[in-house]
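Asker: Quick check, what structure comes out for this input:
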Amino acid sequence: MKEIFIVVSSLKTGGAEMQSVWLANNFTKNNFKTNLIVLKQGIEIGHLLDKKVNLIEFNMYVNKPDKSFRILRILYNFYSAYKNFRFLLKKNNEAIVFSFLFHSNVLSFLSSLFLNNKHYLCIRNDRFSSRASIKNLKIRYLIVFIISLFSSGLIFNSRKSLKTLGTQFPKLTKKYFIPNSVFIPQELEDKEVAKKITNFLNKTELSILSVGRLEKLKNYENLIKAIENMVRRDTNVKYIIFGQGYLEEKLNNYIQSNNLTNNILLLGLVPNAYNYYKYFNYFIIASLHEGYPNSLIEAMDNELTVFGTDCGDTFEIIDNNRGIKIDGFESEDIKNTLISYFSKKEVQSSISLNANKYVKSELSDKAVFSKWLDLL
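Answerer: Model (predicted):
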């Protein structure tokens, strides 16, 4: 039986992290010896991991960056991780490695270099991202380009990334498209979280949800302004956002200063968010940029009527009457789409049913995981 190694930067709440846990759990359920390697600090979703999965923490992060010899400590931690991982791979030359995100790609490449192990790079977006400069992004692309020359293949989780970023990699490198599947947590809902949601919504029919980090790319500022405009038109709408991030204080200040606290709520980080979609009727994703949005397909799986901007694979996912497309990213574009839809005498219930049917058939565990098995 082949041994599986899944490498991810951390287990914080994020799309790549959730899918790495989903993948590890499914390999384990199919009787593979499965290891999940985590490079950095952050085990927020570790409780979602199947107990049979071997969790390995390399602790490559550097505590207290203000301490002396930081660069030396980073290099030492990286070398230790490389040495330990390479030792594990040498023990089983048939082991297969799936690496998620940049640092995992680099470590997996170096650790498996000149060994017989297969290494697949999992590309999660249609561009490289970094909190540093554009120059850094170019360096990242060059590094991943080189790694791809030695890889067994590139796995893209969105068709858009395959069409755009995929064309920039060597033609001889094999490329695959495998979408995300809905990850349903086994834990029950938190009664306190559920109470906060239900008390705020107060049985409002226009109950809207968004899920994601509070950052620029999620376009929450325009979303909140669109909801504000509806409130000013005496629309009884309630809007909740699950997520945390560096924009939290700014968004909260806007909500409070514009007397929107009865209509808009930032609930913060909500573990096992899937459990709470059932309290809402509608879902909005208005991102400027995405890959294959997990929150969108989770909403569709819960029969919410979804609205989405043209980000990542969103338009393809909600095509064929599975959702409502928002033509533009400004608050006015979002507001006009919402008002147009809600002003109709009869809301199309078929949209949410079509969406749910699509997710159940095309994005089921069995349908998606079979594509991963084909790579073995």
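Asker: other SSEs contacting the lowest-mean-pLDDT helix or strand in the chain?
Answerer: Least confident helix or strand of the chain, by mean pLDDT, DSSP states H and E, is helix 134-150 with a mean of 85. The helices and strands touching helix 134-150, judged by 3 or more CB pairs under 8 Å, 6 or more residues apart in numbering; DSSP states H and E, are helix 102-112, strand 118-123. Quick note: C-beta positions are derived from backbone N, CA and C, even for glycine.
Asker: of the ones you listed, which approaches D310 most closely?
Answerer: With CB to CB as the criterion, D310 lies closest to strand 118-123 of the helices and strands packed on helix 134-150, at 20.0 Å.
Asker: Tell me what angle that closest one forms with helix 134-150.
Answerer: Interaxial angle of strand 118-123 relative to helix 134-150 (axes from the mean of the first three to the mean of the last three CA atoms, to 10 degrees): 150 degrees.
Asker: elements contacting strand 118-123?
Answerer: Of the remaining helices and strands, those touching strand 118-123 by 3+ CB pairs under 8 Å, 6+ apart are strand 96-100, helix 102-112, helix 134-150, strand 153-156.
Asker: Quick one: mean pLDDT over that strand.
Answerer: Mean per-residue pLDDT for strand 118-123: 96.
Asker: What is the distance between it and the centre of its chain?
Answerer: Offset of strand 118-123 from its chain centre (CA atoms, centre = their mean, to the nearest Å): 17 Å.
Asker: Next: stretch 280-287.
Answerer: Between the centre of stretch 280-287 and the centre of its host chain there is 15 Å, according to CA atoms, centre = their mean.
Asker: circling back to that earlier point, take the helices and strands packed on strand 118-123 and write them to JSON lines, including mean neighbour count and distance to L11.
Answerer: JSON lines is the format used below for these (neighbours: other CB atoms under 10 Å; distance: least, CB to CB, whole Å):
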{"stretch": "strand 96-100", "mean neighbour count": "26", "distance to L11": "11"}
{"stretch": "helix 102-112", "mean neighbour count": "22", "distance to L11": "12"}
{"stretch": "helix 134-150", "mean neighbour count": "14", "distance to L11": "22"}
{"stretch": "strand 153-156", "mean neighbour count": "21", "distance to L11": "20"}
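Asker: Go through this structure and flag its longest helix.
Answerer: helix 70-91 (DSSP state H).
Asker: buried sites along it?
Answerer: For helix 70-91, the neighbour count (16 or more other CB atoms under 10 Å) marks R73, N77, F78, A81, Y82, F85, R86, L88, L89 as buried.
Asker: Turn the residues you listed into JSON lines, columns for distance to N219.
Answerer: Converted to JSON lines, the buried residues of helix 70-91 look like this (distance: CB to CB, whole Å):
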{"residue": "R73", "distance to N219": "38"}
{"residue": "N77", "distance to N219": "36"}
{"residue": "F78", "distance to N219": "35"}
{"residue": "A81", "distance to N219": "36"}
{"residue": "Y82", "distance to N219": "39"}
{"residue": "F85", "distance to N219": "38"}
{"residue": "R86", "distance to N219": "42"}
{"residue": "L88", "distance to N219": "42"}
{"residue": "L89", "distance to N219": "41"}
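Asker: which of those residues has the weakest pLDDT?
Answerer: Lowest pLDDT among those: R73, 82.
Asker: I'd like the distance between that one and M60.
Answerer: Using CB to CB, to the nearest Å, we find R73 at a distance of 10 Å from M60.
Asker: Please consider this matter closed, and thank you.
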